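Trainee: Pasting a predicted model and its sequence here:
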Amino acid sequence: MADQGGEKTPKIDSEDPSRVSDKFLDGIRLYRGKHFDKALKVFLSKETKDLTEDERMELTYYLGLCYTKLKQYDEALNFLEQVVTTGNNIYRIFQCRMMLAYVYVVTRRIKMAEFELKKLQSSGFESPMLYNTLAYAAWTQKQNKNAIELYEKALEIDSNNLTAMNSMGFILADTRLDVMRGLRLCKKAVDSKPQSAAYLDSLGWAYYRSGELIEARTWLRRALDIAPGEPEIQKHFETVTGEAK
């Protein structure tokens, strides 16, 4: 289940329907082209004294997104929190809460992540990403049954959500709550995304938990070939084989 089942930063920022100011189009184009470092430089170069309040908040929003994408999380939190606490665009407030939760999860501030996610949930916002992140937070606290229930909710919304499929499969197999169902879920995730080291790792570990050591070794070796520096995959491989890669 390395790398949260393959989940990266939330993608909902690319779907923002809000009208954007012409003053930021150059930075937004770079951001949408995934040139996050260049976009950040453009946004930081903007003079704020001549901006309206709405434009300042828009700039704050994009600075938060850029810093998140660049994994400069302390800076990201500063700007994302400003949008959440003082912004008036509901879509962006929801979005930034999701990004805040993501940052809190990856920086291991689990209780703060849960706070943001539950705020979203109580306001009626539901998505596979929300439940996946809540489930991951539960899993990091060894609340395995709670995590499984939350992944189930993600799959109710999107039955083909690979993150929920892979992550729940891993937990079911790892905890031996339902090894065979876990194995089936992990297989399905790998079938859909065969080059994901995280999914290959989960499948290999599920085979190990089912007692099929040859299959376990095969799939874990494939995972290591793709991500040789991933500690969790290395640990699983060594457990199954008794040797380092």
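Mentor: Received, thanks. Everything quoted here is computed from the prediction, not taken from an experiment. Numbering: from 1, shown residues only.

Trainee: Which residue ranges of the protein form helices?
Mentor: Under the criterion DSSP state H, the chain carries helices at the ranges 2-6, 25-32, 36-44, 53-69, 73-86, 90-106, 110-122, 128-140, 144-157, 162-174, 179-192, 197-209, 213-226, 231-241.

Trainee: Please tabulate these in a markdown table, including the columns mean pLDDT and mean neighbour count.
Mentor: (C-beta placed from N, C-alpha, C; glycine too.) Listed next are these as a markdown table, based on pLDDT from 0 to 100; neighbours: other C-beta atoms under 10 Å:
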| stretch | mean pLDDT | mean neighbour count |
| --- | --- | --- |
| helix 2-6 | 44 | 22 |
| helix 25-32 | 93 | 17 |
| helix 36-44 | 96 | 18 |
| helix 53-69 | 94 | 21 |
| helix 73-86 | 95 | 18 |
| helix 90-106 | 88 | 22 |
| helix 110-122 | 88 | 17 |
| helix 128-140 | 88 | 24 |
| helix 144-157 | 94 | 18 |
| helix 162-174 | 97 | 27 |
| helix 179-192 | 97 | 20 |
| helix 197-209 | 97 | 28 |
| helix 213-226 | 96 | 18 |
| helix 231-241 | 94 | 18 |
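
Trainee: Check the gap between the residue of the chain positioned farthest from its centre and residue 56 for me.
Mentor: Most distant from the centre of the chain: residue 50, at 36.2 Å, with distances by C-alpha atoms, centre = their mean. Separation of residue 50 from residue 56 (C-beta to C-beta, to the nearest Å) stands at 10 Å.

Trainee: burial measure for residue 143, as a count.
Mentor: For residue 143, the neighbour count with other C-beta atoms under 10 Å is 14.

Trainee: Tell me the spacing between it and residue 118.
Mentor: To residue 118, residue 143 is 14 Å away according to C-beta to C-beta.

Trainee: again, but for residue 183
Mentor: 32 Å.

Trainee: Also residue 90?
Mentor: Per C-beta to C-beta, residue 90 is found 17 Å from residue 118.

Trainee: go on, residue 226?
Mentor: Between residue 226 and residue 118 the computed distance is 35 Å (C-beta to C-beta).

Trainee: Residue 102 too?
Mentor: For residue 102, the distance to residue 118 (C-beta to C-beta) stands at 15 Å.

Trainee: likewise residue 97?
Mentor: In terms of C-beta to C-beta, residue 97 sits 10 Å off from residue 118.

Trainee: cool, residue 168 as well?
Mentor: Residue 168 is 20 Å from residue 118, by C-beta to C-beta.

Trainee: Also residue 58?
Mentor: Distance from residue 58 to residue 118, counting by C-beta to C-beta: 27 Å.

Trainee: now do residue 50
Mentor: Note on residue 50: its distance to residue 118, by C-beta to C-beta, is 39 Å.

Trainee: next one: residue 224
Mentor: When distance is defined by C-beta to C-beta, residue 224 is 37 Å away from residue 118.

Trainee: What of residue 76?
Mentor: Remark: distance between residue 76 and residue 118 (C-beta to C-beta) = 21 Å.

Trainee: Excluding residues flanking it in the chain, which one is nearest residue 37?
Mentor: residue 70 (6.4 Å; C-beta to C-beta, 6 or more residues apart in numbering).

Trainee: Is the one you found in contact with residue 39, as I believe?
Mentor: No: under the criterion of C-beta atoms under 8 Å, residue 70 makes no contact with residue 39, lying 9.5 Å away.

Trainee: Counting neighbours, what do you get for residue 160?
Mentor: For residue 160, the neighbour count with other C-beta under 10 Å is 11.

Trainee: just use 771 as the starting number from now, easier for me
Mentor: I'll keep to 771 as the first residue from here, and by that count the last item is residue 930.

Trainee: how close does the closest residue in space to it that isn't next to it in sequence sit to residue 801?
Mentor: Sequence neighbours aside, residue 962 is the residue nearest to residue 930 in space, at 7.4 Å (criterion: C-beta to C-beta, 6+ apart). As judged by C-beta to C-beta, residue 962 and residue 801 stand 28 Å apart.
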